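Asker: sequence-free structure coming up:
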């Protein structure tokens, strides 16, 4: 049976832990100059309906470092962009490449593609979830503070795809998640309900931030919501992560942001550039955690010993 990675719930918790461990190993191997090419002659097909910097560069770089190749496909480059049914594109592309990622709007597009694909499919972002970013975030926390199990995370801002993925992460990595959103911007109720007592919801960012080991946020208006920008600026104004809000968290609390950030809106420059901000390591770790994911989905034996340069 073909494995897919559409949400964090597709893998058992212990597998996710192993992926994080492996990502750290792969990072160390790269830093010491090891040549490791387990995906030589393998091809990753990348379907992008939404633009990206980190997702495209990290996956393409990862495939090159693994000895493989990545093909970038925008809506202008595929028949999907001209109305070909998702299932037809899935049947064709999965006969030509070894693994596929999709970055798109509707989550059911990724689900339908995976249903008809012969090869693993990765959700590289939908309007509902962004699981690849959470792999990088969990790796980053582990590198700086150890296991996140039993810790407290504060999500400040929109109940969007990143918030949903943090809810799933709370379930899979066993931490408490304190969410604060403006009224009317709460995460999807069924996603919250499935997480049970792992989640605390409020409309008060100060309540969410108190006692947190990690504070994280996202832009107030995501791709596709540009027409709401002005309204959201007003409704989210009290949800900025700033020095005052961070002071309510634990003394050694980290700050994360999936980027790109709108400095002066959801986060101040002082916070994003502060010593306890790990956003740059977080961004880099997209590369390493996704390499671990590619390796896992393509069932590469990880005991292979790479050669040093």
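Answerer: Sure, I can see it. It should be emphasised that the depicted structure is a prediction, and the values quoted were computed from it without experimental measurement.

Asker: Next, the residue most central in space within the chain: secondary structure please.
Answerer: The centre of the chain sits closest to residue 133, judged by CA atoms, centre = their mean, with a distance of 1.5 Å. For residue 133, the assignment made with DSSP: H, G, I helix; E, B strand; the rest coil gives helix.

Asker: Please renumber the chain so that the first residue is 417 from this point on.
Answerer: Sure, I'll start counting at 417 from here, so that last one is residue 549.

Asker: can I assume it is in contact with residue 578?
Answerer: Yes. Contact status for residue 549 versus residue 578: in contact at 6.6 Å, counting by CB atoms under 8 Å. C-beta coordinates here come from the backbone N, C-alpha and C atoms, glycine included.

Asker: which neighbours do those two share?
Answerer: Counting by CB atoms under 8 Å, 6 or more residues apart in numbering, the common neighbours of residue 549 and residue 578 are residue 674.

Asker: So residue 667 lies in a helix, does it not?
Answerer: No. Secondary structure of residue 667, determined by three-state DSSP: coil, with no helix assignment.

Asker: give me the number of residues near it?
Answerer: For residue 667, the count of nearby residues is 6 (other CB atoms under 10 Å).

Asker: Also the one 5 residues further on?
Answerer: Counted with other CB under 10 Å, the neighbours of residue 672 add up to 24.

Asker: And the one 4 residues further on, by the same measure?
Answerer: Counted by other CB under 10 Å, the residues lying close to residue 676 total 11.

Asker: Likewise for residue 558?
Answerer: Applying other CB under 10 Å, we find 18 residues neighbouring residue 558.

Asker: which residues does the closest residue in space to it that isn't next to it in sequence contact?
Answerer: Nearest residue to residue 558 in three dimensions, chain neighbours excluded: residue 436, at 5.8 Å (CB to CB, 6 or more residues apart in numbering). The neighbourhood of residue 436, defined by CB under 8 Å, 6+ apart, consists of 551, 554-555, 558, 705, 708.

Asker: Repeat that for residue 583.
Answerer: Counted by CB under 8 Å, 6+ apart, residue 583 has contacts 593, 595, 603, 607-608, 611, 614-615.

Asker: Residue 446 and residue 551, how far apart?
Answerer: According to CB to CB, to the nearest Å, residue 446 stands 16 Å off from residue 551.

Asker: Tell me which of the two has more neighbours.
Answerer: The neighbour comparison of residue 446 against residue 551 (other CB under 10 Å) goes to residue 551, with 25 against 17.
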